[in-house]
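Visitor: Give the three-dimensional model of this entry:
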Amino acid sequence: MGQHFKDLVVWQKAMEMVTEVYKLTDSFPKKEVYSLTDQIRRAGVSVPSNIAEGQAHHNNREFVHFLRHSSGSLAEVETQLHIAERLGYADATSIERILQRVNEVGRILNGLIGSIREQVDSRS
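Guide: Got it, this is the predicted structure:
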């Protein structure tokens, strides 16, 4: 737990995902700026933010709690990307590129949660 959140690969990958989400949503219709655009950006920003906040607590149980919040926000991003695609706000190729990032962050996040839970359980 001694490392800084910026050193965590999952945080770095989540930051890359958020950047892609922002670029994609720049092209959404202006009528969506206070709805889907705002929603997907907030959910995206929540992923690395919760990773950072959880790591800063320096407590494995709390870290897992915040990582689970990140995981929930990741599911929101995925859902909202599918909505954007169904509404025709972005092409399938652009959506798929970001979904690949979402899936990568999810895999790393799940692995980290599992690893930390093992540490917590072994100390109990």
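Visitor: quick one: residue 84 from residue 22, how far?
Guide: 13 Å (C-beta to C-beta, to the nearest Å). All C-beta atoms are positioned from the backbone trio N, CA, C, and that covers glycine.
Visitor: for residue 64, same thing?
Guide: For residue 64, the distance to residue 22 - C-beta to C-beta - is 28 Å.
Visitor: neighbour-wise, which of these two wins?
Guide: residue 64 (19 against 14; other C-beta atoms under 10 Å).
Visitor: Could you check how far that one is from residue 112?
Guide: In terms of C-beta to C-beta, residue 64 sits 9 Å off from residue 112.
Visitor: Before we move on, what's the pLDDT of the residue nearest to residue 3 when sequence neighbours are not counted?
Guide: Closest residue to residue 3 apart from its sequence neighbours, by C-beta to C-beta, 6 or more residues apart in numbering: residue 55 at 7.9 Å. pLDDT, residue 55: 93.
Visitor: contacting residues around residue 55?
Guide: Neighbour list for residue 55: 1, 3-5, 8, 11, 63, 66 [criterion: C-beta atoms under 8 Å, 6 or more residues apart in numbering].
Visitor: Flag every buried residue along the helix or strand hosting residue 79.
Guide: Following DSSP states H and E, one finds residue 79 within helix 60-86. Applying a neighbour-count criterion of 16 or more other C-beta atoms under 10 Å, one finds 60, 63-64, 66-67, 69-71, 73-74, 76-78, 80-81, 84-85 buried in helix 60-86.
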